[in-house]
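Participant: sequence first, then the predicted structure, then my questions.
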Amino acid sequence: MTSLPFANLARPLNRAGDEVLPLLARIIFAGVLLMYFWNSGLTKVGDGVFGIFNPSLGAYAQIFPKAMEAVGYDVSQLGIFHWAVVVAGTIAEFVLPLLLVIGLFTRLAALGMIGFVVVQSLTDLYGHGGIAHIETFGAWFDGASDALILDQRAFWILGLSVLVFKGAGALSIDRVLFRNAPSAHQAVLQQ
């Protein structure tokens, strides 16, 4: 049986895609979202050298808007749970994007970022009232592509999904550290 003329071209394209797509996803993440998340993280850091463990009032207001409103924006009325979530979220806004850009523990970091974006989106929609503003919330298949929540963040998650499924690709610390480890493709073939 002869193969289609495309098959000989498809194999090298597939192999190149395994290297190039993750690298492009990381570069685009760095160019579009790295500073977005770091700047957001900076708004949450309190004063002093250990400010990350003493979050700003704005950190609580961004992450727990309804709870802050309920306590009259008095952080002292919130518990250890609120503090831990705010500190963990702030650290995640710095660490996860950095891991993605340098390509270290990329699959795990990308999965963490997907979770972060989902929680961020839900907070924007329900905590900050974005669901009441249809232009912010958006709708798929509506002919408009500029809604901040459903449209933009779907593309963020798509790019992050490439990293979850394909790994870091070329030019990554993962490649150096784990070059002798079998790839996911090889592991499936061995089963």
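Facilitator: Received it, and whenever you're ready, just let me know what you need.
Participant: identify each buried residue in the lengthiest helix in the chain, please.
Facilitator: What stands out as the longest helix in the chain, according to DSSP state H, is helix 5-29. Residues of helix 5-29 classed as buried under the neighbour-count rule (16 or more other CB atoms under 10 Å) are 18-19, 21-23, 25-26, 29. Yep, even glycine has a C-beta here, placed from its N, CA and C like the rest.
Participant: just the helices in the protein please.
Facilitator: 5-29, 35-42, 57-63, 65-70, 80-102, 106-122, 134-137, 150-166, 173-177, 184-190.
Participant: mind listing residues that contact the fourth one?
Facilitator: Meaning helix 65-70. 60-61, 75, 78, 82, 123, 127-128 (CB atoms under 8 Å, 6 or more residues apart in numbering).
Participant: same deal with the fifth one?
Facilitator: Identification of contacts with helix 80-102 by CB under 8 Å, 6+ apart yields 26, 29-30, 33-34, 37-38, 40-41, 44-45, 52-53, 55, 59-60, 63-64, 67, 105-106, 108-110, 112-113, 116, 160, 163, 172-173.
Participant: quick check: the spatially most central residue of the chain vs residue 139, distance?
Facilitator: Nearest to the geometric centre of the chain sits residue 113, at 2.7 Å (CA atoms, centre = their mean). In this structure, residue 113 and residue 139 are 24 Å apart, going by CB to CB, to the nearest Å.
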